[in-house]
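Trainee: turn this into a model:
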Amino acid sequence: MIINARISGVRLGVVEATGARIIPATLELAREMDAACDRLRRELTVEQVGELDAVSDVRAMFRNWGVDPARYRPSSEALLRRVVGGKGLYRVLNVVDINNLGSIETGWPYGSYDAARLQPPVTFRLGRRGETYEGIGKRTWHLEDRPVLADRQGPFGSPISDSVRTMITEATSEVLMVIYAPAGAAARAIRHGLEQCARRLERFAGARIEATEVLNESDSLRD
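Mentor: Residues are numbered from 1 along each chain as shown. Here you go, the predicted structure:
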């Protein structure tokens, strides 16, 4: 698989995994999620979420793309606000839960995709006129000038909201997980986030990790 970043201001962290078993969160994973939520609720108010360096950097990344983060809220900030407001993390399926847990820990948007449903090459770019997709749990998303991951069939993912076409389901076994980190983020911090995801995918989904990589703006990931 190839991922190319065609827009500036971002570093992509990527995990590729196979053999994942997609099930509801185990008790152990649920405990990790609850512990992270409890810690964030103790440490932050909803008003303070917007003052976090990671959240400010992601907002700046969105503005650099010409996207208003107040109107199209980054998925990481939406999750943090939910958690700090006392609503906790959604419980979906283990891989999605691992994705969301990593996102609130780092403050960066994460996306997880069914890699078997992708048609490489994959590009991170701005949406084109007329491009849309059916968002998970939401109405059709109009994608013009919004940041998207796209394959040969068109856009399928975004640091705002992902599509139904490549969402994680109980039938998924091949996983592509992407961290959308601001360009100024340290590679070691992104690698730490990737390592956390990889360990959790192995531990809680029985997955085999095929690759982890930090991609710069002009880098690519190849099998």
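Trainee: which phi and psi does Tyr32 have?
Mentor: Careful, residue 32 is Glu; it's not Tyr. Dihedral pair for Glu32: phi -60, psi -40, per degrees, to the nearest 10.
Trainee: this protein: strands as residue ranges?
Mentor: 3-5, 10-18, 110-114, 122-126, 132-134, 140-142, 147-151, 154-157, 175-182, 208-215 (DSSP state E).
Trainee: could you give the average pLDDT over stretch 41-52?
Mentor: Averaging pLDDT along stretch 41-52 yields 96.
Trainee: one step back: of the strands of the chain, which is nearest Glu32?
Mentor: strand 110-114 (15.3 Å; Cβ to Cβ). All C-beta spots, glycine's among them, are computed from the backbone N, C-alpha and C.
Trainee: what's the closest one packed up against?
Mentor: helix 75-84, helix 94-106, strand 154-157, strand 175-182 (3 or more Cβ pairs under 8 Å, 6 or more residues apart in numbering; DSSP states H and E).
Trainee: mind doing that once more with 10 Å?
Mentor: strand 10-18, helix 75-84, helix 94-106, strand 147-151, strand 154-157, strand 175-182, helix 187-205 (3 or more Cβ pairs under 10 Å, 6 or more residues apart in numbering; DSSP states H and E).
Trainee: about what we covered before: in a markdown table, list the strands of the chain along with mean neighbour count and mean pLDDT.
Mentor: As requested, the strands of the chain are exported to a markdown table (neighbours: other Cβ atoms under 10 Å; pLDDT from 0 to 100):
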| stretch | mean neighbour count | mean pLDDT |
| --- | --- | --- |
| strand 3-5 | 20 | 83 |
| strand 10-18 | 23 | 96 |
| strand 110-114 | 25 | 98 |
| strand 122-126 | 19 | 96 |
| strand 132-134 | 17 | 97 |
| strand 140-142 | 15 | 93 |
| strand 147-151 | 24 | 97 |
| strand 154-157 | 23 | 98 |
| strand 175-182 | 26 | 97 |
| strand 208-215 | 17 | 95 |
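Trainee: for Leu52, find the nearest of the ones you listed.
Mentor: Here strand 175-182 is closest among the strands of the chain (Cβ to Cβ), at 12.3 Å.
Trainee: partners of that closest one in the sheet?
Mentor: Here strand 175-182 is paired, per DSSP bridges, with strand 10-18 (antiparallel), strand 110-114 (antiparallel).
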